[in-house]
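> have a look at this prediction, sequence included:
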Amino acid sequence: MKTIFILADSLNRRFLSCYDCCDRAETAVTPNIDRLAKRSMVFDNHWCGSAPCMPARRDIMTGRLNFLERPWGGIEPYDHTLPMLLAENNVYTHMETDHFHYAERGGENYWGHFTSWNLHRGTEHDTIFWGPDRGGIPKSEKPVDFSGLYSHSYETSKALYAGDKEQYSTPRTFNAAAKWLEANHDSDNFMLWVEGFDPHEPFDVPEEYLKLYEGENPGPGDPYWPDYIPADNYTPEQIQYFRKRYKALVTMTDEYLGKILDVLDQHDLWKDTVVILTTDHGYMLGEHGFMAKCYMPDYNEVFHIPLLTAAPGVKPGRCSALTENIDIFPTMLETFGVPLSHCRNKIHGKSLWPLLNRNTEKLRDEIIFGVFGKTVNVYDGRYLYMRCKSAEENEPLHIYGAMMSVLNAYIGYDTMSEEDIETMEMDRYLTWTNYPVYKVAAAHCRWNNNALAFHRINNYIPGNLIFDLAEDYGQQNPINDTELEARCMEKLRRAMAEHDSPKEQYVRLGL
C-alpha cells in the first residue's frame, strides 16, 4: 500500500466549492480539489484539535491532543511519532515541505523521524534570501503607507519570485513531490507527506491568479499580509482585498496540487494508494470582527476544517461523523497494518477506516479542541461549548514538556526572569508517560507573540459561550441556558479526562 498525505496550511473549508458552505462569490477556483473530492469520502464534521501550526502537527504525528499540556513546541523525546512507527514496520516515509517553522525554535524534531525529507526555503520570515547591509542586520522598518504586517526578509524573497510563479515555495514543493512520486511510482510500502505553506499568510501571489477575482487594490501600498489584530484596524475595502488575495493563493495551491493528481492518473496509482488532503487550521478574514487566528474565541472559521480521503475500494460520498486531526495517526497505522499496540503511548485518535468502509456511523460522542491557556471547547454534533478561565489571573496553568521552546524562543532565559527560572521543576508529572518533564508556570513565561502570549491571549474572550450549530452555524447568537450549560460542562469534564488533561486545568476552568 502507498499513502500520500497532503497538508495545505490555513486552507479554509468555507472557501471550497466541495463544501458548498458560502456564497458562490466567495468560493475559490479549485478544480483539482474538486477533482479529488469526486473520488473521496468528504468529511463534513472534521475539526482541528490543537492549534495553531505546530500543535496541530504534533496532534497529527502522535495521535494525541497536546493543547491541554503545552503550547507551540517540538516533538517531545517521549513521543512515538507516525514516521517512527512506520519506519519500525518497514514503511518508507518521505516529506516535501516549505513549512519553515520546522527549521525554527519551537519546531524541533518533526522531520528527523522521516526516512528522507526536503525543505523548500523562502516562506514567511525565512531570512535565506536576506543579507547584511553596511550597518550589519538591516533595520526592518515598515513603510509609512504600508497596510498590514511587514517583513523586510520576505520583501527580499518576494522580489526574487516576481514574474516567475515556479519560484514560489508552494509550486516548488508540489512540483518536487510530483517528481518524487513519478520516480517512485513502481515502489510500494511508502508514505509521501506533502506540505505547502500556502494559503497561509502572507498572501503574496502572482498577478495571473489575482485576475480571477473581483476587487481592486484599495491603497495606500499593496496590502497582502494581515496582522493578528481586530478587523476594525482595516477598512472594509482592505479586508475584501485580503480575501481576494487569499482566494487567489488557494487557486495557485490548487493548480500545483493537480501536478500530484496527474501522476496518480498517469500511472493508475489510485488502485493501491490512499490520498488524504486536509489542513492544520483555518483563518479569520474579517468574520466576527477579527483577522488571523488564535487570540479570539475559537470560532468555526478556524477549527472546522476540510478532510478529503480517497482510498482503494472506498466509495466516494459524504461523512457526517465527528472526526478530528488526531484520527489521521491511527488511520495511517491501520492502512499499513501496524497495530496500535505497537505505539508506546495512549492514543486519543480513532481510525477513520470504519467510517470509510461504512461499518459505523460515528466514532465518538464529542470532541474537544482549543489553544493552550485559552478556552477549552467541547462539541457534541449540535452544541458547541466554549469554557473560559474562571479567574482573572488564568491560573493554575502549567507548561509540561521536555522540549522547552515555543515559536522563536526558549522557555527559559528568552522568556523568563532569573527568579522565575528558579521555580521550574522536573518530575514525572504526566499520567500517560513515565518520562520526566519540566513544569513551568505559564504566568512566568513572557512570550512576545501577538496571538499566543499567555499574558494577553484571553483579552478578547467575553466569557463562557454556547452555540447551537444546527440553528446558528455562524455563531451569532450565544445561548443563555443554565441547564444546557450544566450538561455541556459534564461532557467537557468527561472529554478532558479521556484526553489525559492535567488536573489543574479543571481548576483553571472552574470545573
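Sure, I can see it.
> what pLDDT, on average, does the one helix or strand residue 154 maps to get?
Taking DSSP states H and E as the criterion, residue 154 maps to helix 152-161. What helix 152-161 shows for mean pLDDT is 90.
> list the contacts of that helix.
122-131, 138-141, 167-168, 202, 204, 206, 225 (Cβ atoms under 8 Å, 6 or more residues apart in numbering). Any C-beta I mention is one placed from the backbone N, CA and C, and that applies to glycine too.
> ditto for stretch 259-270
Residues from elsewhere that reach stretch 259-270 (Cβ under 8 Å, 6+ apart): 2, 4, 6, 32, 35-36, 39, 174-175, 177-178, 181-182, 185, 194, 273, 275, 310, 312.
> recalculate using a threshold of 10 Å.
With contact meaning Cβ atoms under 10 Å, 6 or more residues apart in numbering, stretch 259-270 is reached by 2, 4, 6, 32-33, 35-36, 39, 96, 171, 174-183, 185-186, 192, 194, 258, 271, 273, 275, 277, 310-312.
> now, of the contacts of helix 152-161, which are buried?
122-127, 129-130, 168, 202, 204, 206, 225 (16 or more other Cβ atoms under 10 Å).
> what's the most distant pair in those?
Maximum pairwise distance among these (Cβ to Cβ): 22.8 Å, between 127 and 206.
> buried residues, stretch 155-170. List them.
By 16+ other Cβ under 10 Å, the buried positions in stretch 155-170 come out as 155-158, 161, 165, 168-170.
> let me know the closest of those residues to residue 301.
Using Cβ to Cβ, residue 170 comes nearest to residue 301 of these, at 21.9 Å.
> tell me the buried residues in the helix or strand that contains the closest one?
Residue 170 is part of helix 169-183 when elements are defined by DSSP H and E. For helix 169-183, a neighbour-count test (16+ other Cβ under 10 Å) marks 169-178, 180-181 as buried.
> quick check: domain ranges of the chain?
Listed domain ranges for the chain are 2-356, 367-508 (source: automatic domain parsing).
> could you look up the SS state of residue 253?
In terms of secondary structure, residue 253 is helix; the call rests on DSSP: H, G, I helix; E, B strand; the rest coil.
> what about the closest residue to it other than its chain neighbours, distance to residue 9?
With sequence-adjacent residues excluded and distances taken as Cβ to Cβ, 6 or more residues apart in numbering, residue 253 is closest to residue 198, at 4.8 Å. Counting by Cβ to Cβ, to the nearest Å, the gap between residue 198 and residue 9 amounts to 7 Å.
> shared neighbours, the two?
Common neighbours of residue 198 and residue 9 (Cβ under 10 Å, 6+ apart) are 98, 123, 170, 253.
> these: which two are farthest apart?
So, the shared contacts of residue 198 and residue 9 by Cβ to Cβ: farthest apart are 123 and 253, at 12.6 Å.
> joint contacts of these two?
9, 168, 170, 173, 196-198, 200.
> would you turn the residues you listed into CSV with pLDDT?
Output for these, formatted as CSV (pLDDT from 0 to 100):
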residue, pLDDT
9, 98
168, 96
170, 95
173, 98
196, 95
197, 97
198, 97
200, 97
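> distance to residue 410 added to those, as a markdown table?
Listed next are the shared contacts of residue 123 and residue 253 as a markdown table, based on distance: Cβ to Cβ, whole Å:
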| residue | distance to residue 410 |
| --- | --- |
| 9 | 24 |
| 168 | 32 |
| 170 | 30 |
| 173 | 29 |
| 196 | 29 |
| 197 | 24 |
| 198 | 29 |
| 200 | 24 |
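> among the residues you listed, which two are most distant?
9 and 168 (13.8 Å).
> joint contacts of these two?
Joint contacts of residue 9 and residue 168 (Cβ under 10 Å, 6+ apart) are 98, 123, 196-198, 253.
> the residues you listed in strands, which ones?
residue 196 (DSSP state E).
> distance to residue 390 added to the shared contacts of residue 9 and residue 168, as TSV?
Formatted as TSV, those follow (distance: Cβ to Cβ, whole Å):
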residue	distance to residue 390
98	41
123	39
196	40
197	37
198	39
253	41
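> what residues are up against residue 474?
The contact partners of residue 474, taken as Cβ under 10 Å, 6+ apart, are 287-288, 299-301, 467.
> looking at those residues, which is nearest residue 321?
So of those, ranked by how close each gets to residue 321 (Cβ to Cβ), first place is residue 300, at 17.1 Å.
> my guess is the closest one contacts residue 476. True?
No. Under the criterion of Cβ atoms under 10 Å, residue 300 is not in contact with residue 476, lying 11.4 Å apart.
> who has more neighbours out of the two?
Taking other Cβ atoms under 10 Å, residue 300 and residue 476 do not tie; residue 300 has more neighbours (21 against 8).
> now the more buried one: closest residue in space that isn't a chain neighbour?
Residue 300 sits nearest to residue 475 (Cβ to Cβ, 6+ apart), 6.3 Å away.
> helices of the stretch 251-400 of the chain, start to end?
Assigned by DSSP state H, counting those that start in this stretch, the stretch 251-400 of the chain shows helices spanning 300-303, 328-335, 353-356.
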